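Participant: This is a predicted model, with the sequence first.
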Amino acid sequence: MSIIDRPANSGSGAKEHRSGRRAWLGLAVLTLPVFLVSMDFSVLYLAIPTLSAELAPSAAEQLWIVDIYGFLIAGLLITMGNLGDRFGRRRLLLIGATLFGVASVLAAFAPDASALIAARAIMGIGGATLLPSSLSLIGNMFPDTVTRAKAIGVWTAAFAGGSALGPVIGGVLLHHFWWGSVFLINVPVLLVLLVLAPRLVPEYRSGITDPFDVLGIALSMLGILPLVYAIKHGAAEGLDNTTLAFAAIGIVAMWLFIRHERRTPFPLLELKLFGNARFSAAIGSALTGMMTLGALSYLTGIYLQSVLGRDVMTAALLGLPMAIAVAAFSMSASRIAAYVSVRWAFVLGMVFAAAGNAGMIFLGVDEGVGVYLVSSAIAGIGYGMIFSLVSDVAVSSVPVERSGAAVGISETSFELGTAFGLAILGSVATMVFRKNTEGSGAQETLSETLHHAQDLDPAAQSTLADSARDAFVDGLHVTATVNVALLAAMAVIVAVLLRTRTSVKQPAQ
């Protein structure tokens, strides 16, 4: 799959002008599903306290509600890109949008945690069709290299903007409506896509007949999901037989997956690309950035509401500085890289992200709004720079004929990074919370504990609630410290791997 496929003929100048205007209108339509898919990663961060009160999920179910969506997108992204090439990218886009919309309605009216997890899983399958289809179609709509680069920049900004604004939009909706509204908002947007895409977005099929790597798909999912379950279960229950069994299944499956991918002539994942140091640095940056951002956003959303007692609307507004910083610096990252080189722009982004996470270590149980605002904005500067540069470096570091595979891996790393951040780093916070509240009568999560405390006498209620809030903040501090260590380590790795100076042309004014 390549995003650089060209149409068969270009036509006259007047036709090109009309086609150009039509292409930009089509791009505007394509940014709709990208924004929604990205937003639905983070839209639940502020909804968790409300959702927990309504559905009473366990600690493991709470994390699955948030990240089953991301794991299925990451696991199926490259597969769906291949399907789009064979059966039509626009057709797959429209099928995926329909599935995503139906699943959004199911999620909005889910009666319990299990039903919500199932609906989020279906949303993940639909989302996996939307991202590669929309990005690949840009290559057909914008054959000129410079124009295509601008279009991909708009696509990337929509993705980053959706992730950054998700908590804010979710907070506004929760302030006025019930928790299911964060899913129902998808439906009218997708209806616009279904109406306009057939008119403004061209169809494309590559005609390839290479066989599917069905075994690779099965082994990748069999490796990722059991490993994540082992992490979640271990955080909640400790190192028991269930944790060990699922960890063993995941490790063996991942080993078989890597072995298979190295031998099959038509691999799901082109492992040879990771032999390129620059490509590996870009993918590592995406994974690290999204892991730490996902965990940070998830935990601070709970912190603002359940620890500091802010309502959901206030929590949403407090998230605006970070959202604005991410959007602004994702758009200006190429200019920064033009002056200091891509290498040092990447490192600078890691340093800002690490500094913002370090600030979260100073959040307190009774106060911390000012610290949160400053720290989250600083982190947003770093994340905006990192995410904007990843795709550029990943694609430019490989031969043109392999750019499609590079794009697929790059986008997969974003989705997988978010899911791993919630699973692994979220479980770190859970372990600290459980350890620090052991024997106090606390439940599995902070929300459950605060709800349980309401049934106690005033003195016991105050004691249990205070100890639970202390334990949660301790978990947040530990997770922020781990985030700083991961980002600092990645900054060093990037500085070493991107030693060859590479400049980025500034976008046209």
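Facilitator: Structure's in. What do you need?
Participant: domains of this protein?
Facilitator: Following automatic domain parsing, the chain resolves into domains at 13-208, 213-265, 278-509.
Participant: Worst mean pLDDT among those domains?
Facilitator: Note on the domains of the chain: domain 13-208 shows the lowest mean pLDDT, a mean of 77.
Participant: Check the offset of that domain from the chain's centre.
Facilitator: Centre-to-centre, domain 13-208 and its host chain are 11 Å apart (Cα atoms, centre = their mean, to the nearest Å).
Participant: which residues does the nearest residue to Glu54 once chain neighbours are set aside contact?
Facilitator: Spatial nearest neighbour of Glu54, excluding adjacent residues (Cβ to Cβ, 6 or more residues apart in numbering): Trp179 at 6.2 Å. Yep, even glycine has a C-beta here, placed from its N, CA and C like the rest. Listed by Cβ atoms under 8 Å, 6 or more residues apart in numbering, the contact set of Trp179 reads 47, 50-51, 54.
Participant: Just those residues: which are in helices?
Facilitator: Residues of those located in helices (DSSP state H): 50-51, 54.
Participant: who wins for most neighbours among these?
Facilitator: Among the ones in helices among the contacts of Trp179, Leu51 has the most neighbours (other Cβ atoms under 10 Å), with 24 neighbours.
Participant: Excluding chain neighbours, what is closest to that residue?
Facilitator: Trp179 (4.9 Å).
Participant: What are the phi and psi values at that neighbour?
Facilitator: For Trp179, the backbone dihedrals (degrees, to the nearest 10) come out as phi -60, psi -30.
Participant: where does it sit relative to Ser104, distance-wise?
Facilitator: 13 Å (Cβ to Cβ, to the nearest Å).
Participant: swap in Val312?
Facilitator: Distance of Val312 to Ser104, given as Cβ to Cβ: 20 Å.
Participant: Helices along the stretch 351-500 of the chain, start to end?
Facilitator: Remark: helices assigned in the stretch 351-500 of the chain by DSSP state H, counting those that start in this stretch are 369-396, 403-420, 426-436, 446-453, 458-497.
Participant: and these as CSV, adding mean neighbour count?
Facilitator: Shown next, in CSV, are these (neighbours: other Cβ atoms under 10 Å):
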stretch, mean neighbour count
helix 369-396, 23
helix 403-420, 25
helix 426-436, 21
helix 446-453, 21
helix 458-497, 19
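Participant: thinking again about what came up before, closest one to Ala197 out of the ones in helices among the contacts of Trp179, please.
Facilitator: Distance to Ala197 across those (Cβ to Cβ) is lowest for Leu51, with 31.6 Å.
Participant: For that closest one, give me its contacts.
Facilitator: Contact partners of Leu51, counting by Cβ under 8 Å, 6+ apart, are 44, 57, 65, 116, 179.
Participant: give the contact list for the spatially closest residue to Leu425 that is not a sequence neighbour.
Facilitator: Excluding the flanking residues, the one nearest Leu425 by Cβ to Cβ, 6+ apart is Ala295, at 3.5 Å. Ala295 sits next to 421-422, 424-426, 428-429, 479, 483 when contact means Cβ under 8 Å, 6+ apart.
Participant: for Leu498, same thing?
Facilitator: By Cβ under 8 Å, 6+ apart, the contact list for Leu498 reads 277-278, 281, 342-343, 346, 393.
Participant: Distance of it relative to Ala23?
Facilitator: 33 Å.
Participant: And for Thr412?
Facilitator: Counting by Cβ to Cβ - Thr412 and Ala23 are separated by 26 Å.
Participant: Equivalent analysis for Ala453, please.
Facilitator: Distance from Ala453 to Ala23, by Cβ to Cβ: 57 Å.
Participant: Kindly report the same for Gly294.
Facilitator: Using Cβ to Cβ, Gly294 is found at 33 Å from Ala23.
Participant: Settle it for me: which of those two has more neighbours?
Facilitator: Between Gly294 and Ala23, counted using other Cβ under 10 Å, the more crowded position is Gly294 (27 against 23).
Participant: Ignoring the adjacent residues along the chain, who's closest to the more buried one?
Facilitator: Gly421 (3.3 Å).
Participant: Also Ala107?
Facilitator: Ala119 (3.7 Å).
Participant: what about the one you found, neighbour count?
Facilitator: 23.
Participant: so after the one helix or strand Gly171 maps to, what's the next helix or strand?
Facilitator: Secondary structure from DSSP states H and E places Gly171 in helix 145-176. Later in the chain than helix 145-176, the nearest helix or strand by DSSP H and E is helix 181-184.
Participant: Dihedrals phi and psi, Gly101?
Facilitator: Dihedral angles (degrees, to the nearest 10) for Gly101: phi -70, psi -50.
Participant: is it true that it touches Leu193?
Facilitator: No: counting by Cβ atoms under 8 Å, Leu193 is not a contact partner of Gly101; they are 9.1 Å apart.
Participant: Alright, I will stop here.
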